[in-house]
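J.: The sequence isn't on hand, but the structure is:
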């Protein structure tokens, strides 16, 4: 729900009010680029009092975790639909990278901003971490099975692989990278990570 459409005193259902607060927080975070946000700014953007913000999100970390969980849940749904029926590490990794790239390019790097900000160190909710880990687990398993890598190295490859669509998507969102060129670049970079994983597996078992 856009801030422009909100009016002070507008009556919303609790669910709609919560969504409006998260939408405002998301817009402010993309503008500011770091945490924490001013609770007063969130309240002003949503046309409500600070007390009402605290009613829905008692602490700042609750607000940011709510935003993170909402964004991750949408991404997880898109990934689940896209990866259903895909087999092989190349197909899985490139499909996942494309989905994540397009999501970041279209909506902004909110997931990255919340997960990586030092303000959230040790404060990311179990629910958000669970969604993140479910998205990564399938790819880690595929990398391990394909290249017979130890778990730690497979996790490292997947973590590096996720930074590619994240960074390309951020640049495309900011207008610093052509959208379609970003998609091609993202795929090339992810394939490069897969090649490194392949060579690592060969070296480990050569």
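T.: All right, it came through fine. None of the values given here were measured: they were computed from a predicted structure.
J.: Are there helices or strands packed against the least confident helix or strand in the chain by mean pLDDT, and which ones?
T.: For the chain, using mean pLDDT, DSSP states H and E, the weakest element among its helices and strands is helix 126-147, scoring a mean of 90. Helix 126-147 makes packing contacts with helix 60-83, helix 89-107, helix 151-173, helix 179-205 when contacts are defined by 3 or more C-beta pairs under 8 Å, 6 or more residues apart in numbering; DSSP states H and E. C-beta: built from backbone N, CA, C; applies to glycine.
J.: would you turn these into a markdown table with mean pLDDT, mean neighbour count and distance to residue 49?
T.: Compiled in a markdown table, the helices and strands packed on helix 126-147 are given as follows (pLDDT from 0 to 100; neighbours: other C-beta atoms under 10 Å; distance: least, C-beta to C-beta, whole Å):
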| stretch | mean pLDDT | mean neighbour count | distance to residue 49 |
| --- | --- | --- | --- |
| helix 60-83 | 93 | 18 | 15 |
| helix 89-107 | 95 | 20 | 28 |
| helix 151-173 | 94 | 20 | 32 |
| helix 179-205 | 92 | 16 | 40 |
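J.: Show me the domain layout of the protein.
T.: The chain is divided into the following domains under automatic domain parsing: 3-58, 71-205.
J.: from the chain's centre, how far out does the longest one sit?
T.: Distance, stretch centre to chain centre, for domain 71-205: 9 Å (C-alpha atoms, centre = their mean, to the nearest Å).
J.: if I read this right, residue 94 contacts residue 189, doesn't it?
T.: No - distance between residue 94 and residue 189: 10.5 Å, which falls outside the contact criterion (C-beta atoms under 8 Å).
J.: ok, so what distance separates the closest residue in space to residue 193 that isn't next to it in sequence from residue 81?
T.: Once flanking residues are discounted, residue 193 sits nearest to residue 161: 4.6 Å by C-beta to C-beta, 6 or more residues apart in numbering. Distance check for residue 161 against residue 81: by C-beta to C-beta, to the nearest Å, it reads 20 Å.
J.: try residue 43
T.: When distance is defined by C-beta to C-beta, residue 43 is 36 Å away from residue 81.
J.: what about the spatially most central residue of the chain, helix or strand, and which?
T.: The structure's the chain has its C-alpha centroid closest to residue 111; by C-alpha atoms, centre = their mean the separation is 3.3 Å. Counting by DSSP states H and E, the element that carries residue 111 is helix 110-116.
J.: Which elements pack onto that helix?
T.: In this structure, helix 110-116 packs against helix 14-32, helix 60-83, helix 151-173, with contacts taken as 3+ C-beta pairs under 8 Å, 6+ apart.
J.: could those helices be laid out in TSV, adding distance to residue 132?
T.: What follows is the helices and strands packed on helix 110-116, written out as TSV (distance: least, C-beta to C-beta, whole Å):
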stretch	distance to residue 132
helix 14-32	17
helix 60-83	6
helix 151-173	9
